[in-house]
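Q: A predicted structure for the sequence below; I have some questions about it.
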Amino acid sequence: MTIVGVDDTDSRSLGMCTTYLATRLGERIQEAGATIERRLLVRLNPAVKHKTRGNAALALHTDLSADRAFDLAREEIAARSIGEDPRTSPGVVVADVDPDDAGSVDATGEDRGIPSDVVRFAKGALRRRHELSVTHSLLESHDLRHAGFAAEGCDTEGRGRIGALAAVGAFAAFEEWTHEHIAYREFDRCGTPREVDRDSVFEAADSAYSTVWDTVDRGADEAVCVPNAPGPILYGIRGDDPDACRAVAERIDSEPVDRSATFLTNQGTDAHIEPGEIGSLRDGAGYQVDCVVLTEPETRRGGHVFVELASPDLLAQPDSLDPEFVDPDAYDPDDRLLGAAFEPTKRFRDRVRDLRVGDRLTVCGEVSHRDGSDRSSEAPTRTIKLEKFAVRDLVRTERVNPTCPSCGRSMASAGRDQGYRCRDCGTHAPERDRRPIDRDLEIGWYEVPPCARRHVAKPLVRGGFDAPIHPER
């Protein structure tokens, strides 16, 4: 079996797409008399600065010889990648291995399947920024065919080999897979408005929900399966069943579909998320973190919402949700985490605004470290870009000045450590009362809406979560 990995052949502005190149390459392979066993669309680390919006690498598993597949891949990249965009740096990697037999060796000690260090490299590509030098070392150590290209003005030739090698190792690296059926428009239409009937998209989305997900965003009244970028994709249908994805696509009325392909993908799986603890979160990686709300949510300029979080293990009384026991000054900035719901997350920000000091949460998202240039030294040193959060426990009461039992008026403080006194009646109370409060939030998971969801983030409707879900659709 031959695996062909390609990456970084697209452009942010000039209208190419690596999935399109892989689809055309697959057609060339089939014209050569070979078969395509599977097409992989692999989302990599969304924090990498060189990425295009989705940071996808592609792999084709075929029975064509590795030499012939390598030649065809280089021809397609040379013919179709965008050479005018200085940020485009294509790469191709071809391996003659069995993707279903990772890490095994034959009698001579040679790898029969995907080498184990290539598998680790693929896993790491979702959580780290791999260097091209490390990629070269792996390519050479396993004698893999590879080639790099550079657009005019690009300072790095073949940076796409990083993603291409990750795509080669991906099938053995990830356990959970979903599907996407992509329909492409006629290529000379790239850059013109897409002609897709909105009503047919919403009706098609309803016909297969929730097996097929993130086709539309009903809250935003948006067909999210139809991209805005000037590339050749007409629409992409994602779901847990490839036949259901294709069936939804067939119900959509649009301009002519030039060609289409169905990919196996790690989209919608949370493959970029792993458990972590505040204080030990790496920059540019995705985590799931247990925490307690430390400050009231704050809406800042631009509509972005921020809330400070800290480890619940550091509370003065860990079993209490009383905000009086949540003291921001008791936490070092390195032991705090700034949760961020940016404006594009739309109505999700209202969920964050509903949080109160003392609420216990589990939050998921990508972590970034501040450089200290624009923030107070007392601020958290890490920010987590919230993708979803689970409410574990809620503050249900608030402390208020006691009510006078004689006149019904609110008592006032009688002085420090002297309780409360009614100025009219002279009645006394030793401490403040507790009053129940209504909460709009419930126990369970909340998420950003489909219009704001990262490709790799898992929609709640897919299930498998450890608490009730409140999905957006």
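A: Perfect, I can see it now.

Q: longest strand anywhere in the chain?
A: strand 382-393 (DSSP state E).

Q: Pairing partners for that strand, with directions?
A: strand 336-341 (parallel), strand 360-369 (antiparallel), strand 444-447 (antiparallel) (DSSP bridges).

Q: which residues are in contact with the shortest one?
A: Outside of strand 444-447, the residues within contact range by C-beta atoms under 8 Å, 6 or more residues apart in numbering are 348, 351, 387-391, 453, 457, 459-460, 465, 467-472. Using the backbone N, CA and C atoms, a C-beta is placed for each residue, glycine as well.

Q: now do stretch 228-237
A: With contact meaning C-beta under 8 Å, 6+ apart, stretch 228-237 is reached by 10, 12-17, 19-20, 53, 180-185, 187, 190-191, 194, 196, 201, 212, 215, 223, 225-227, 245-246, 248-249, 252, 254-255, 257-258.

Q: hang on, the earlier thing: so for Ser137, which of the strands paired with strand 382-393 sits nearest?
A: strand 360-369 (27.2 Å; C-beta to C-beta).

Q: Quick check: buried residues in that closest one?
A: By 16 or more other C-beta atoms under 10 Å, the buried positions in strand 360-369 come out as Arg360, Leu361, Thr362, Val363, Cys364, Gly365, Glu366, Val367, Ser368.

Q: From the contact counts, what lies against the helix or strand containing Asp71?
A: Element membership for Asp71, per DSSP states H and E: helix 66-80. Using 3 or more C-beta pairs under 8 Å, 6 or more residues apart in numbering; DSSP states H and E as the contact test, the elements touching helix 66-80 are strand 2-7, helix 18-31, strand 91-96, strand 145-148.

Q: Please state the offset of it from the chain centre?
A: 31 Å (C-alpha atoms, centre = their mean, to the nearest Å).

Q: Check stretch 360-373 too.
A: Counting by C-alpha atoms, centre = their mean, stretch 360-373 is centred 14 Å from the centre of its parent chain.

Q: cool, and stretch 289-303?
A: 20 Å.

Q: related to what we said a few turns ago, between the strands paired with strand 382-393, which one is nearest to Arg421?
A: With C-beta to C-beta as the measure, strand 360-369 is the member of the strands paired with strand 382-393 nearest Arg421 (35.4 Å).

Q: any residues touching that closest one, and which ones?
A: Strand 360-369 is contacted from outside by 46-47, 270, 272-273, 276, 281-293, 309, 312, 321, 337, 339, 355, 381-394, 457, using C-beta under 8 Å, 6+ apart.

Q: Also stretch 206-220?
A: So stretch 206-220 is contacted by 201-202, 204-205, 222-225, 237-241, 244-245, 247-248, 251, 268, 346-347, 449-451, 453, 459, 461-462, 472-473 (C-beta under 8 Å, 6+ apart).

Q: Sitting in helices, which of those do you find?
A: Val201, Phe202, Ala204, Ala205, Ala244, Cys245, Ala247, Val248 (DSSP state H).

Q: Buried only: go through these for me.
A: Buried members of the ones in helices among the contacts of stretch 206-220, counted by 16+ other C-beta under 10 Å: Val201, Phe202, Ala204, Ala205, Ala244, Cys245, Ala247, Val248.

Q: ok, of those residues, which one's closest to Asp71?
A: Cys245 (31.9 Å).

Q: Measure how buried the spatially closest residue to that closest one that is not a sequence neighbour is and give me the count.
A: Take Cys245 and drop its neighbours on the chain: the residue closest to it by C-beta to C-beta, 6 or more residues apart in numbering is His181, 4.0 Å away. His181 is flanked by 24 other residues according to other C-beta atoms under 10 Å.

Q: wait, what's in contact with His181?
A: Gly236, Ile237, Pro242, Cys245, Arg246, Val248, Ala249, Ser260, Ala261, Thr262, Phe263.

Q: quick one: which of these is most hemmed in?
A: Ile237 (30 neighbours).

Q: hey, what's that one bridged with?
A: His181.

Q: remind me which residues of the stretch 251-400 of the chain are low pLDDT?
A: Residues of the stretch 251-400 of the chain meeting the criterion pLDDT under 70: 314-322, 324-325, 371-377.

Q: Next one: the closest residue to Met1 other than its chain neighbours from Gly113, what distance?
A: Spatial nearest neighbour of Met1, chain neighbours left out: Asp98 (5.2 Å); criterion: C-beta to C-beta, 6+ apart. Asp98 is 5 Å from Gly113, where distance means C-beta to C-beta, to the nearest Å.

Q: the more surrounded of the two?
A: Neighbour comparison, Asp98 and Gly113: the larger count goes to Gly113, with 20 against 17 (by other C-beta under 10 Å).

Q: Please look at the more buried one and Ala172 and confirm they touch.
A: Yes: if you go by C-beta atoms under 8 Å, Gly113 and Ala172 touch, sitting 6.9 Å apart.

Q: Report how many residues lie close to the residue lying closest to Gly113 once chain neighbours are set aside.
A: Take Gly113 and drop its neighbours on the chain: the residue closest to it by C-beta to C-beta, 6+ apart is Asp101, 3.4 Å away. Neighbour count of Asp101, defined by other C-beta under 10 Å: 14.

Q: What of Leu281?
A: There are 20 residues near Leu281, going by other C-beta under 10 Å.

Q: Pretty sure it sits in a helix.
A: No: counting by DSSP: H, G, I helix; E, B strand; the rest coil, Leu281 falls outside a helix, being coil.
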